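[1] coords below, sequence missing:
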C-alpha cells in the first residue's frame with residue numbers, strides 16, 4: 001500500500017475527527033482557571049489531545065494554552081504548529097457553522113480550513129508514518145495552540161515552557177510554502193486641532209476601514225460641495241442634516257491590512273473629499289498629508305520596497321473622544337528589511353509636523369528563509385513529489401503566522417494556490433480531496449525533515 005492509499009484509508013476517520021473539532025465554537029472567551037482563553041478553546045484542546053491519544057500518540061497539555069501530540073525518539077524536534085481557535089462565525093452562513101456539513105466534495109464549517117482541517121490532516125500524516133514503521137530518529141510533535149487568532153499568546157507560553165523546535169512548519173498558509181512574512185509596525189495617530197465634532201470608523205486595526213461616520217457643522221463645509229466631492233470617490237455615502245450639523249456616513253470596502261489596495265478605505269476617501277470640498281481644517285490637512293489613501297507610506301516618509309514587494313500602509317480605526325481624534329495605522333514592511341530604519345524614517349518625517357502626531361506602538365521583525373535553504377527546499381520537494389507541480393514557487397506575504405513565534409519554521413499549506421476556502425468568512429469549507437492531499441504532502445514533508 002503506497003502513501004496515497006494509506007491516507008485515503010483514513011478518510012472517514014478524518015471527517016469524523018474534523019466534525020468533532022468543528023463542533024466547538026472555539027472563539028476566544030473570558031479567561032477562567034485552567035482556561036486562559038475561555039472554556040470552549042480549552043475544551044477543544046482537550047478533545048484534540050483525546051483524538052491524538054486514540055491514534056497512539058504521546059500527548060501533553062501545556063496549561064491549556066497549548067498542547068502537543070508526539071511520536072518518535074531523539075533530541076531533535078520536528079514541529080508542526082496548528083491552532084484550534086477560530087474567528088467568530090458572523091452572519092451569512094447557509095449551514096450551521098458548528099456542524100460539519102457535507103455537500104458533494106466539500107465539507108463546510110468554521111475552522112474546516114483555518115485551522116482544524118489542517119490539525120486532522122497533520123494527525124493522519126503522523127499516523128501513516130507510524131503505520132509504515134519508518135525509523136523515527138527525531139521526535140515529530142504536533143503543537144496545538146488556542147490563541148492564534150488573537151495574538152498567539154498560546155505559542156509564546158508554549159515556547160517559554162517547552163522551547164523551540166529544530167525544524168518544522170505551520171499548516172496555516174498556502175502551498176507550496178511561504179518563505180517570507182513581512183515585518184509589522186503598529187502606529188497611532190492623534191490630533192486635537194479640528195472643527196470635526198465627532199468621527200468614528202473601523203472594526204480592527206488590521207482591517208481596512210469600510211465604514212466611517214462623521215459629524216460636522218454646516219458652517220465648516222458646504223453640503224452641496226461635499227456631496228459633489230464624495231460622488232467622485234469609489235464609495236457609497238449618505239449625508240443627513242441634524243439641526244446645524246451634517247452627519248456623513250461613508251462606506252468603502254474592507255480588506256486585510258496586509259493587502260490594503262484590495263480595499264477602499266472609508267476614512268481616507270472621506271478626508272480627501274472634505275479637502276476637495278474646500279474644508280479648511282488642521283486635522284483634515286494632517287490626515288491627507290501624512291496618511292492619505294496611497295497605501296505606500298509616502299506621507300510618513302517610509303515608502304520603500306525590496307525584490308519581494310513594497311511596504312504597505314493602512315489606517316484601520318479612527319475615533320474622537322473629548323475633542324481628540326485618535327486612530328491606528330498598520331504597516332507591513334519588506335521581508336529583507338529591519339524595523340529600526342523604518343521607524344527612524346517615520347520619526348524624522350514627523351519631527352517637523354505641527355498639526356498632529358504619529359507614534360510607533362509596536363514592531364515585529366520579518367521572517368525570511370531563502371528558497372534554496374534546507375527547510376524551504378525540502379518542503380518544496382515534498383509538495384512537488386505529490387502534486388507534480390514544478391511551476392509554483394514559495395511566496396512571501398504581508399500576513400503573519402505561528403512561524404514568527406518559533407525558530408526554524410515556515411507556513412506550508414494548507415490552502416492550495418487559486419483556492420478560496422472562505423477563511424474568516426461565511427461558508428468556510430475544505431474540499432475533501434484537498435484535505436487528503438494535504439495529509440499526503442505532510443507525510444512526504446515529515447519524511448524529508450527526518451532525513452535532514
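    Nice, thanks for sending it over. Bear in mind the structure is a predicted one, so any value in this text is a computation, not a measurement.

[2] Quick check, residue 422 in contact with residue 429.
    Yes: in this structure, residue 422 is within contact of residue 429 by C-beta atoms under 8 Å, at 6.4 Å. Every C-beta, even on glycine, is put in place using the N, C-alpha and C of the backbone.

[3] what's the overlap in contacts for these two?
    Jointly contacting residue 422 and residue 429 under the rule C-beta atoms under 8 Å, 6 or more residues apart in numbering are residue 113.

[4] The two: which is more packed in?
    residue 429 (23 against 16; other C-beta atoms under 10 Å).

[5] quick one: that one from residue 13, how far?
    Applying C-beta to C-beta, to the nearest Å, the value for residue 429 to residue 13 is 19 Å.

[6] Could you point out which residue ranges in the stretch 1-150 of the chain have low pLDDT?
    Of all residues in the stretch 1-150 of the chain, none has pLDDT under 70.

[7] what ranges do the strands span in it?
    Along the stretch 1-150 of the chain, the stretches classed as strands by DSSP state E, counting those that start in this stretch are 58-62, 66-71, 77-83, 101-103, 106-108, 139-145.

[8] can you put these in TSV and add distance to residue 254?
    As requested, the strands of the stretch 1-150 of the chain are arranged in TSV below (distance: least, C-beta to C-beta, whole Å):
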stretch	distance to residue 254
strand 58-62	35
strand 66-71	30
strand 77-83	23
strand 101-103	26
strand 106-108	22
strand 139-145	26
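
[9] among the ones you listed, which is nearest residue 181?
    Ranking those by proximity to residue 181 (C-beta to C-beta) places strand 77-83 first, at 13.6 Å.

[10] Run me through the strand neighbours of that closest one, direction for each.
    strand 139-145 (parallel), strand 167-170 (parallel) (DSSP bridges).

[11] Mind checking what helix or strand follows the shortest one in sequence?
    On the C-terminal side of strand 167-170, the closest following helix or strand by DSSP states H and E is strand 173-174.

[12] what does the helix or strand just after that next one rub up against?
    Using DSSP H and E, the helix or strand that follows strand 173-174 in sequence is strand 178-181. Residues outside strand 178-181 that contact it (C-beta under 8 Å, 6+ apart) are 308, 335-336, 366-371, 373, 376, 394-401, 403-404, 410-412.

[13] got the strands of the stretch 1-150 of the chain as JSON lines, with mean neighbour count columns?
    Shown next, in JSON lines, are these (neighbours: other C-beta atoms under 10 Å):
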{"stretch": "strand 58-62", "mean neighbour count": "15"}
{"stretch": "strand 66-71", "mean neighbour count": "24"}
{"stretch": "strand 77-83", "mean neighbour count": "27"}
{"stretch": "strand 101-103", "mean neighbour count": "14"}
{"stretch": "strand 106-108", "mean neighbour count": "21"}
{"stretch": "strand 139-145", "mean neighbour count": "26"}
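
[14] Which among these is found nearest to residue 274?
    Comparing those by C-beta to C-beta, strand 77-83 comes nearest, at 41.9 Å.

[15] contacts for that closest one?
    Contact with strand 77-83 is made by 72, 115, 118-119, 122, 126, 138-149, 154-155, 165-172, 402-403, 406, 409, 442, 446, 449-450, as judged by C-beta under 8 Å, 6+ apart.

[16] so it versus strand 66-71, what angle?
    Angle of strand 77-83 versus strand 66-71, following axes from the mean of the first three to the mean of the last three C-alpha atoms, to 10 degrees, is 140 degrees.

[17] pretty sure residue 105 contacts residue 429?
    No: the criterion here is C-beta under 8 Å, and residue 105 misses it with residue 429 at 9.7 Å.

[18] What residues does the closest residue to residue 51 other than its chain neighbours make contact with?
    Spatial nearest neighbour of residue 51, chain neighbours left out: residue 17 (5.3 Å); criterion: C-beta to C-beta, 6 or more residues apart in numbering. By C-beta under 8 Å, 6+ apart, residue 17 lies in contact with 51, 120, 123.

[19] which stretches of this protein form helices?
    Counting by DSSP state H, the chain has helices at residues 3-8, 11-22, 39-54, 116-132, 153-162, 223-230, 266-276, 282-290, 339-350, 374-387, 432-451.

[20] of those helices, which approaches residue 187 most closely?
    From these, taking C-beta to C-beta, the stretch that ends up closest is helix 339-350, at 7.4 Å.

[21] What lies in contact with the closest one?
    Contacts of helix 339-350 (C-beta under 8 Å, 6+ apart): 183, 185, 187, 290, 300-302, 304, 311, 331, 333, 357-358, 360, 363-365.

[22] on that earlier part again, so can I have JSON lines of the helices of the chain showing distance to residue 94?
    Shown next, in JSON lines, are the helices of the chain (distance: least, C-beta to C-beta, whole Å):
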{"stretch": "helix 3-8", "distance to residue 94": "28"}
{"stretch": "helix 11-22", "distance to residue 94": "15"}
{"stretch": "helix 39-54", "distance to residue 94": "23"}
{"stretch": "helix 116-132", "distance to residue 94": "18"}
{"stretch": "helix 153-162", "distance to residue 94": "31"}
{"stretch": "helix 223-230", "distance to residue 94": "35"}
{"stretch": "helix 266-276", "distance to residue 94": "28"}
{"stretch": "helix 282-290", "distance to residue 94": "40"}
{"stretch": "helix 339-350", "distance to residue 94": "43"}
{"stretch": "helix 374-387", "distance to residue 94": "30"}
{"stretch": "helix 432-451", "distance to residue 94": "18"}
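
[23] Residue 323 is nearest to which of the ones you listed?
    With C-beta to C-beta as the measure, helix 282-290 is the member of the helices of the chain nearest residue 323 (10.9 Å).

[24] buried sites along the closest one?
    Neighbour-count burial for helix 282-290, with 16 or more other C-beta atoms under 10 Å as criterion, is recorded at 283-288, 290.
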